[in-house]
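**Q** Whatever this is, show me its structure:
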Amino acid sequence: RWTIHSSTVPLCPGLWGLVNNAGISVPTAPNEWLSKADFVKMLDVNLVGLIEVTLSLLPLVRRARGRVVNVSSVMGRLSFFGGGYCPSKYGVEAFSDSLRREMLPFGVKVCMIEPGYFRTAITDPSILTENFKGLWEQLPQETKAAYGEQYLETCEYPASRALPSCSPNLSLVTQAMEHALTAQHPRTRYSCGWDAKLLYLPLSYLPTTFTDLVLTWSYPKPAQKA
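**A** Predicted structure coming up:
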């Protein structure tokens, strides 16, 4: 959903704060399991929708010399899994960076919130499991043979195991939003959650070969290998 906060600045009526917090996490799966339509569905909500709302309200924010706060993800800094989610969040990062630089002369500040894993509908194991099963049923037999039934089962297990490690403390994200909207000198990026700060962000700065080894260590193993 998109959340809009507004106020009136003396002698300069307009919109003080816009928070874009739209996001869906399915369909997600290994890229080969997906279609163009699956990617478009994700990008349309997570990226194009955010851009559309921002452009529609930007004149009001500019008039108020206000704030634009875009909720990205730590997966906009490190692509951990396939599907449109990570590309959409990379896109949010790129759009926010360009917008921030364009808005500097107008006194408008653009901030990004980059949460790690939190306990929300996006990380709901039942939704993710149904997502994997539904996509698997649509695959050609040749693709199923290449990956194997065990690959599917292994995909489902991490979704259930990850839930206890997802932070239930959503206030870490909302407090970051509040600071971005109200602080005199807001940060450009806010990392929320221990996993974002201590795992994913550090991995994003390390050599790619090392990062690949760490991330793929927990990947499912396909039935057919090179």
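
**Q** from here on, contacts and neighbour counts on C-alpha atoms
**A** Fine.

**Q** other SSEs contacting whichever helix in the chain runs longest?
**A** For the chain, the longest helix by residue count, based on DSSP state H, is helix 85-103. The contact analysis (3 or more CA pairs under 8 Å, 6 or more residues apart in numbering; DSSP states H and E) places helix 85-103 against helix 36-43, helix 49-64, strand 109-115.

**Q** Give me the buried stretch members for it, please.
**A** Buried positions in helix 85-103, judged by neighbour count with 16 or more other CA atoms under 10 Å: 85-93, 96, 99-100, 103.

**Q** Please identify which pair of those residues lies farthest apart.
**A** Tyr85 and Met103 (26.6 Å; CA to CA).

**Q** Now the most centrally placed residue in the chain. Nearest residue, chain neighbours left out?
**A** Nearest to the geometric centre of the chain sits Ser73, at 3.7 Å (CA atoms, centre = their mean). Spatial nearest neighbour of Ser73, excluding adjacent residues (CA to CA, 6 or more residues apart in numbering): Glu114 at 4.0 Å.

**Q** Count the residues that sit near Tyr205.
**A** Using other CA atoms under 10 Å, Tyr205 has 11 neighbouring residues.

**Q** Phi first, then psi, for it.
**A** phi -100, psi -10 (degrees, to the nearest 10).

**Q** so where do the strands sit in the chain?
**A** Under the criterion DSSP state E, the chain contains strands at 2-5, 17-20, 67-71, 109-115, 189-192.

**Q** quick one on the thing from earlier: relative to Gly134, which of the helices and strands packed on helix 85-103 is closest?
**A** helix 36-43 (12.3 Å).
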